[in-house]
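A.B. asks: Okay, here's the prediction I keep looking at, along with the sequence it came from:
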Amino acid sequence: MTETVEKPKHLKNPRRAFVKKTGKKIMRGVANHQAKTSLVPNTPKVDPDHFEFLNELRANWEIVRDEALEILKFREEIPGFQELSPDQYRIAKGKNWRTFVVYGFGERLEKNSQLTPKTADMLGKIPNIQTAMFSILAPGYHIPAHTGVTKGILRVHLGLIIPKEHEKCRIRVGDTITAWKPGEMFIIDDTYDHEVWNDTDEERVVLLVDFDRPMKWSGRILNKMLMSAMKKTAFYQDPKKNLEDAEARLEAAIHQNNKNMEAMSD
């Protein structure tokens, strides 16, 4: 039986709904052109070997994992995905899918980057990076089938902390199913229908990185125009404000924890 999910009240605004619906139509309309101008395969999964700039991140995945482990000490302060991006309320519920964001909409989050400095520095070398975050999936959670916004972006998955029964922790993209493994990287085009399962009793943590799809000049210009337009909408403005608030809350929690530890050592 499919669970009915109530749309948050502020998302029912007619103007917001119109902008979102129109935006989706525009994105679908230009997807064919983006595919035709793509310099890499237009497939559900794309081989990371097409992108030399990802080699450093892939080779140093254990450094990224270790910084993720430090962040997880403050797990309760890491927001659920829908707390940052309210439009994702259908696929993210409660604290089942937490996200610690290092880059958001092309901008480095300085406070969060200070907590993951080595990871942030490696991410900063990725051309046209849009978003980068630690994706933390609770045991037993299923992210329902959905599609991404634009074919102009590709998404990296880098396995960090993976359940022992890794074959039960997997993603379907189109007709392709892939189980995460520690240190292994793959890339998806999330405009293909995809869904995620963590059918284990352990938490799963991966690094997700979005960057611009390599395209011919006309595709690049079109993508830049669309991204600039999107940044003027609530789809961008809401998460941007929520990211700032989440950064501040986590910083305060860590500061308070450090004060408590100092008091205990006196």
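C.D. replies: Looks like it arrived, so ask away.
A.B. asks: Setting aside sequence neighbours, what's the nearest residue to Glu70?
C.D. replies: Leu115 (7.1 Å; C-beta to C-beta, 6 or more residues apart in numbering). The C-beta positions use only the backbone N, C-alpha and C, and glycine is treated the same way.
A.B. asks: Sorry, slip of the keys, the one I care about is Gln130.
C.D. replies: The nearest residue in space to Gln130 (C-beta to C-beta, 6+ apart) is Asp210, at 4.3 Å.
A.B. asks: how close does that neighbour sit to Lys259?
C.D. replies: Distance of Asp210 to Lys259, given as C-beta to C-beta, to the nearest Å: 36 Å.
A.B. asks: between the two, who's got more neighbours?
C.D. replies: Asp210 (23 against 10; other C-beta atoms under 10 Å).
A.B. asks: From the contact counts, what lies against whatever helix or strand the more buried one lives in?
C.D. replies: Per DSSP states H and E: Asp210 is located in strand 204-212. Applying 3 or more C-beta pairs under 8 Å, 6 or more residues apart in numbering; DSSP states H and E, we find strand 204-212 packed against helix 61-71, strand 129-137, strand 153-161.
A.B. asks: who's in contact with that strand?
C.D. replies: For strand 204-212, the external contacting residues (C-beta atoms under 8 Å, 6 or more residues apart in numbering) are 57, 64-65, 68, 72, 103, 119, 123, 126-137, 152-163, 169, 180, 198, 220, 223.
A.B. asks: Could you check stretch 90-101 and say which residues are buried?
C.D. replies: Ile91, Ala92, Lys93, Lys95, Asn96, Trp97, Arg98, Thr99, Phe100, Val101 (16 or more other C-beta atoms under 10 Å).
A.B. asks: Which of those fall within helices?
C.D. replies: Per DSSP state H, helices hold no members of these.
A.B. asks: Gly219 and Gly152 touch, don't they?
C.D. replies: Yes. Using C-beta atoms under 8 Å, Gly219 is in contact with Gly152, at 7.3 Å.
A.B. asks: Please enumerate the shared neighbours of the two.
C.D. replies: Joint contacts of Gly219 and Gly152 (C-beta under 8 Å, 6+ apart) are Gln34, Arg213.
A.B. asks: Looking only at neighbour counts, state which of these two leads.
C.D. replies: Counted by other C-beta under 10 Å, Gly219 and Gly152 do not tie: Gly152 has more neighbours, with 25 against 22.
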